[in-house]
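*Asks:* Got a sequence here, can you model it:
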Amino acid sequence: AGIHEAYCSCPSPQVGARGRTRTQPVLPDRPDAAPSLQWPLTPSSEPRSLNYDTPPGLEVAAGSQGKIVLLSGQWTALALARDRERSGAVLKLRALATEKIGQWDLSRVDRLDHVGGQALWRVWGYRMPVGLVELNDTQREIFNRIALLDLARENPEAVQRFDLFTRLGLAIFAFFEHLHGGIAMFGRVVLDLLAIARNPKLIPWTEISANVYNAGAKALAITALVAFLIGIVLSYLSAQQLRLFGANQFIVNILGLSVIRELGPVLSAILVAGRSGSAITAQIGVMRVTEELDAMRVMGIPHGLRLILPRVLALGIAMPLLVMWTNIVALTGGALAAKIVLGIDMSYFARALPGVVPVANLWIGLGKGVAFGMLIAIVGCHFGFRIKANSQSLGEGTTTSVVTSITIVILADAVFAILFQNVGLG
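*Replies:* Presented below is the predicted three-dimensional model:
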């Protein structure tokens, strides 16, 4: 306040060299007031600015008690990183680690941070050297903190390495653990179905319709594209062989039976497992990370009725429709390729298809779609609830969910092939 009054009370302004008006400060009359500044300011009164581009310096001189290491410049993280590119003081400092040094002089060091202190601390053998010139307060505080950190540092835990048989045993135990969890989740779905059968008001229509739209309607485009290309490839390769034996008309049998009974359901299931199965796992995993699952449990909202059951029912409804869509598009692509390669008219293809492919194959394919869809949803929910509250577990759980879903779909298809080996093939 005294300085402000001194500036304001000055009656006569002075004009500087550049035309700016300056006032001559006068001393205040009160003895307890702060002394005023004198104008112009002397160089000693201006704060000294540091040059942050000064590289770290290291000089080695001979002394009476051995070598003397003189450090200067900036010993900071940025300066040391730049110095490493120039191969300067950092390499010299490493070379001194094995030599006997009589004295260390840090008096000419402009700035020292924790990184520079750690570099010196390693060379000193993780202790303060005997011949060390008196440090300033900042440098001493940095080295005290580094020494305290070394005392409080815990030894890293030993990494457990298992042999082949131990890893095989752990994999078997993990398999049965996942199998138990999957069966328990399926049982939970059955109990929820019985609950809504007794009380239809509990049916989560909104969640079911939303999942049907996301898993079914949004998958129509990618399913049609892949099915159309698969139909063209299968028809083209089969036509090349049938033409050699003059059995062009049997292209309808090959395409119809393979697409309707096997390729349609399996292809749709693989696409849904990679698209919707991973989405289910990621959604539930994110709810775990954001603690939404805990909030639902606190509010008394059951996970099975609101998260698991709607997805299982939705995929059970959407998958047969996708299977039928895949069959139509794949057969259309196959008929187009047969017309181009073999000259078979597409109208003949459509008329001959019901006669050469029994309708039982269609029902088997649709039944596979229902089973595959429910299995994909159960697997996705199972791995979603096992995700921990970190991003790494989320990625690993999503990947494992997709791989497991595809594997289970193929295993289930093999079971269907064994069970219905005498149906629709006569």
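
*Asks:* what comes up buried for the helix or strand where F165 lies?
*Replies:* Remark: F165 resides in helix 164-198, with elements defined by DSSP states H and E. Residues of helix 164-198 classed as buried: H178, G182, M185, F186, R188, V189, D192 (neighbour count, 16 or more other CB atoms under 10 Å). Every C-beta, even on glycine, is put in place using the N, C-alpha and C of the backbone.

*Asks:* can you tell me which residues contact the closest residue in space to V286 that isn't next to it in sequence?
*Replies:* The shortest distance from V286 to any non-neighbouring residue, by CB to CB, 6 or more residues apart in numbering, is to L394 (7.1 Å). Counting by CB atoms under 8 Å, 6 or more residues apart in numbering, L394 touches A282, G285, V286, V289, I387.

*Asks:* next one: F186
*Replies:* Counted by CB under 8 Å, 6+ apart, F186 has contacts I378.

*Asks:* can you start the count at 7 instead of 1 from here on
*Replies:* Sure thing, new numbering starts at 7, so read that last one as F192.

*Asks:* Backbone dihedrals for G79, please?
*Replies:* phi 80, psi -150 (degrees, to the nearest 10).

*Asks:* That one touches E65, doesn't it?
*Replies:* No: using CB atoms under 8 Å, G79 is not in contact with E65; the gap is 10.7 Å.

*Asks:* Look at these two and report which has more neighbours.
*Replies:* Neighbours were counted for G79 and for E65 using other CB atoms under 10 Å; G79 has more, 20 against 13.

*Asks:* who does that one bridge with?
*Replies:* V115 (DSSP bridges).

*Asks:* distance of it from H309?
*Replies:* 62 Å (CB to CB, to the nearest Å).

*Asks:* Tell me where the model's unsure across the stretch 207-356 of the chain.
*Replies:* Counting by pLDDT under 70, the stretch 207-356 of the chain shows no low-confidence range.

*Asks:* thinking again about what came up before, taking the contacts of L400, please make a PyMOL selection of just the buried ones.
*Replies:* In PyMOL, a selection of the buried entries from the contacts of L400 looks like this (16+ other CB under 10 Å):
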select buried, resi 288+291+393
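
*Asks:* Apart from its neighbours in sequence, what residue is nearest I350?
*Replies:* Per CB to CB, 6+ apart, closest to I350 is A344, 4.6 Å.

*Asks:* Show the contacting residues for the one you found.
*Replies:* Residues in contact with A344 (CB under 8 Å, 6+ apart) are S241, A245, I257, V258, L261, I350, F355.

*Asks:* Those residues: which two are farthest apart?
*Replies:* Greatest spatial distance among those (CB to CB): A245 and F355, at 12.1 Å.

*Asks:* Please state the offset of stretch 326-334 from the chain centre?
*Replies:* How far stretch 326-334 lies from its chain's middle: 33 Å, per CA atoms, centre = their mean, to the nearest Å.

*Asks:* what sits up against that stretch?
*Replies:* For stretch 326-334, the surrounding residues in contact (CB under 8 Å, 6+ apart) are 222, 225-226, 229-230, 233, 265-266, 269-271, 273-274, 278, 368, 371-372, 374-376, 379.

*Asks:* from these, which would you call buried?
*Replies:* Buried among the contacts of stretch 326-334 (16+ other CB under 10 Å): 222, 225, 229-230, 233, 265-266, 269-271, 273-274, 278, 368, 371-372, 374-376, 379.

*Asks:* And the strands in this structure, which stretches?
*Replies:* 19-21, 27-29, 63-69, 72-81, 107-118 (DSSP state E).

*Asks:* gap between the two ends of stretch 154-170?
*Replies:* Using CA to CA, to the nearest Å, the end-to-end distance of stretch 154-170 comes to 42 Å.

*Asks:* Compute the first-to-last residue distance for stretch 152-168.
*Replies:* 36 Å.

*Asks:* And that stretch, what's buried?
*Replies:* I152.

*Asks:* quick one: average confidence on it?
*Replies:* Average pLDDT, stretch 152-168: 77.
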